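> kindly return the folded structure for what I paste below:
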Amino acid sequence: MTDHVFPPPAPASPSTEFAARTAITCPLRHLLEPTMTQALLDAGGGWRCRRCSQQWDGPRLATVAAYAVWALEHDAQKAALLNAARPVESLPS
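Residues are numbered from 1 along each chain as shown. Have a look, this model is predicted:
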């Protein structure tokens, strides 16, 4: 029997690490879609989530991202208005 010696795996390159951090996922179920890349999205590609069955593409993902930004800003404005409307409690002297 012959022993097969395989070379150790190469360390991750910066581009591999970047791709891992920017993986394409379903916004609803956060399920990684391994076959989808940013280049495919930019070219008009899309996919159907295996968990929620929603169809996703670049424009729809951009809409979800824009809504998330709006929701955060809206919540911050609402909190600021509520804090401004509260009476100031007097501090003990």
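> okay, now the unreliable bits of this protein?
Applying pLDDT under 70 to the chain flags the ranges 1-22, 87-93.
> please repeat the previous calculation with a cut-off of 90.
Along the chain, segments meeting pLDDT under 90 span 1-23, 29-30, 34-35, 37-39, 42, 79-93.
> where do the strands sit along it?
Listed in chain order, the strands of the chain (DSSP state E) span 46-48, 55-57.
> other SSEs contacting the first one?
So that's strand 46-48. Here strand 46-48 touches strand 55-57, going by 3 or more C-beta pairs under 8 Å, 6 or more residues apart in numbering; DSSP states H and E. No exception for glycine: its C-beta is placed from N, CA and C like everyone else's.
> buried ones in the strand it packs on?
W56 (16 or more other C-beta atoms under 10 Å).
> hang on, the earlier thing: distance to Q38 added to the strands of the chain, as TSV?
Below are these laid out as TSV (distance: least, C-beta to C-beta, whole Å):
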stretch	distance to Q38
strand 46-48	13
strand 55-57	12
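> mind checking these for the one nearest to T25?
Closest approach to T25 among these is made by strand 55-57 (9.3 Å; C-beta to C-beta).
> all helices for the protein, in order.
Assigned by DSSP state H, the helices in the chain fall at 14-21, 38-42, 58-85.
> can you say which of those helices is packed in most?
Of these, the one with the most neighbours on average (mean count of other C-beta atoms under 10 Å) is helix 38-42, at a mean of 13.
> cool, thanks, signing off.
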